[in-house]
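**Student:** Here's a sequence, model it:
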Amino acid sequence: MSNDDPGVPLIDPSGLPGVPDAFQRLWTPHRMAYLNGEDRTAEQGCVFCVAPDMAEDDSLVVARGQLVYAVLNLYPYNAGHLLITPYRHVANYDDLGVEEAAELSAMMQDAIRTLRHVAGAQGFNMGINQGSIAGAGIEAHLHQHVVPRWGQDSNFFPIIARTKAIPQILGDMREQLIASWPSGSKG
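**Tutor:** Here you go, the predicted structure:
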């Protein structure tokens, strides 16, 4: 085994239990609270119902409408990963009122325009995972994902290293989005 950086010790996996494989491990123990549901206790309530009422400094809310709001994803796929969700606790898209659906669509357009301006996003993945069988992590409260994409974000990490690099911290991205969001609906 070789090591170009003498300050980083290498571990010889041959002495470790288990079957060696080709995967590197990126240890993220802070995510266990999410995986175990510890950050969604009954006392706290639904994260999408609680977020709009959180203190400004603790909130990841970027923009507020009359019926829906935009919030940064605490566990993003990419920097700027937004969630657009109604204030009302509703699980299904077909249970939205006409006004809610229209405002959700308009907020999506604002999110796309703002992410293009702030982050130079060249494309977007957008979608709703309705129900746990469809992949919804929080199935009781409907939310639409807006994930900005760039030509250069398809690096080797996710494919070879099974790792996703997020280059910007949430607080910095939140400040930039709020500053550039169309007036009248800022977080």
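**Student:** So in this protein, where's the weakest helix or strand by average pLDDT?
**Tutor:** In the chain, the helix or strand scored least confidently by mean pLDDT, DSSP states H and E is helix 156, which has a mean of 48.
**Student:** I'd say residue 90 and residue 141 touch.
**Tutor:** Yes - if you go by C-beta atoms under 8 Å, residue 90 and residue 141 touch, sitting 7.2 Å apart. The C-beta positions use only the backbone N, C-alpha and C, and glycine is treated the same way.
**Student:** Beyond the helix or strand containing residue 118, next helix or strand please.
**Tutor:** Element membership of residue 118, judged by DSSP states H and E, is helix 98-119. Scanning forward in sequence from helix 98-119 by DSSP H and E, the next helix or strand is strand 123-127.
**Student:** Would you indicate which residues of that next one are buried?
**Tutor:** residue 124 (16 or more other C-beta atoms under 10 Å).
**Student:** Next, the angle from it to helix 98-119.
**Tutor:** Angle, strand 123-127 to helix 98-119, by axes from the mean of the first three to the mean of the last three C-alpha atoms, to 10 degrees: 150 degrees.
**Student:** contacts for strand 123-127?
**Tutor:** Here strand 123-127 makes contact (C-beta atoms under 8 Å, 6 or more residues apart in numbering) with 77, 108, 112, 115, 144-150.
**Student:** Show me these that map onto strands.
**Tutor:** 144-149 (DSSP state E).
**Student:** okay if I get these as JSON lines plus neighbour count?
**Tutor:** What follows is the ones in strands among the contacts of strand 123-127, written out as JSON lines (neighbours: other C-beta atoms under 10 Å):
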{"residue": "144", "neighbour count": "21"}
{"residue": "145", "neighbour count": "17"}
{"residue": "146", "neighbour count": "23"}
{"residue": "147", "neighbour count": "20"}
{"residue": "148", "neighbour count": "26"}
{"residue": "149", "neighbour count": "16"}
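**Student:** Okay then, goodbye and thanks.
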